[in-house]
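Engineer: Give me coordinates for this.
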Amino acid sequence: MEQKIMETRAFLEKAGIKKPEIGIVLGTGLGKLVKEISIEKEIDYEEIPHFPVSTVESHHGKLIYGTLEGKKILAMQGRFHYYEGYSLQEVTFPIRVMKFLGVKKLLLSNAAGAMNPAFKKGSLMLLDDHINFLPENPLRGVNNDKLGPRFPDMSQPYSEELNALFVEVAGEENILLEKGIYVAVMGPNLETRAEYRMFRNYADAVGMSTVPEVIVANHMGLPCAAISVLTDECDPDNLKPTGLAEILAVAGKAEVDLIRLFRGVIRKL
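Structural biologist: Next up is the predicted model:
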């Protein structure tokens, strides 16, 4: 793992990616933030040593380096998922590379289903905590102490400082920002009515990503924050079929607020 990280870092540094300050992971249907970046370098994942390749049609699969709000940004336009067949070590590999390149803060986004009946689709939710329902953990196996401790603390997985900034910017920009608990499941199928009934006893939103990256960020001492775009309302008593096209449409409309939110937070960092 360590050798692969060093090889990938060397490749990216040689390609011109120097000392990025902020790492960004853009989830399903949420790639338009890159248009706000003054791009200096754009690299397809398939060109990067040891990087997986995104197989989801709504994920562009590019690493973007440039400047936004006066900060050097390294953005993943599209992420990887366990359901694509990758191990969670592979899914989270880019986060480790970001840390070794010099990234000091990590901002993540995802598309998720709203289970809290008070939350409406098209709104944004700040992750305050999470539940890992994936059948795997990116830290399983022999631990490399150079990457992080064997038993990392997860009492505050999301940075209080970053979360406070998101709340502050949401207020300034008049953006509705819910706060809640996110549960990560394997997917790729959406949940059954019985599963929604179970999960909503413990969490406000459900999705298929983010938690592995957050675990690895905490393992490496990389402060992070995450926003869910709530793309559908998961009421088990009034559940209607939904699909990727509808999810992408809702995510696209909500992305306008997400971009304003991310820009405002980056401006203040």
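
Engineer: Tell me where the stretch 51-200 of the chain has strands.
Structural biologist: 62-68, 71-77, 105-114, 124-132, 177-184 (DSSP state E, counting those that start in this stretch).

Engineer: Show me which positions of the longest helix seen in the chain end up buried.
Structural biologist: If you go by DSSP state H, the chain has its longest helix at helix 244-268. Under the neighbour-count criterion of 16 or more other CB atoms under 10 Å, helix 244-268 has 247-248, 250-251, 254-255, 257-266 buried. Bear in mind the C-beta positions are built from the backbone N, C-alpha and C, glycine included.

Engineer: Out of these, which comes closest to Lys72?
Structural biologist: Proximity of those to Lys72 (CB to CB) peaks at Ile266, which lies at 10.5 Å.

Engineer: Tell me who's in contact with the residue nearest to the closest one when sequence neighbours are not counted.
Structural biologist: Once flanking residues are discounted, Ile266 sits nearest to Glu69: 4.5 Å by CB to CB, 6 or more residues apart in numbering. Counting by CB atoms under 8 Å, 6 or more residues apart in numbering, Glu69 makes contact with Arg263, Ile266, Arg267.

Engineer: again with Leu258
Structural biologist: Leu30, Leu33, Ser109, Leu124, Ile227, Val229 are the contacts of Leu258 under CB under 8 Å, 6+ apart.

Engineer: who's in contact with the residue nearest the centre of the chain?
Structural biologist: In the chain, the residue lying closest to the centroid (CA atoms, centre = their mean) is Leu108, at 3.2 Å. Going by CB under 8 Å, 6+ apart, Leu108 touches Ile24, Val25, Gly27, Thr210, Glu213, Val214, Cys224, Ala225, Ala226, Ile227.

Engineer: Return the member of those residues nearest to Gly102.
Structural biologist: Ile24 (14.4 Å).

Engineer: Can you classify the closest one by secondary structure?
Structural biologist: With DSSP: H, G, I helix; E, B strand; the rest coil as the basis, Ile24 sits in strand.
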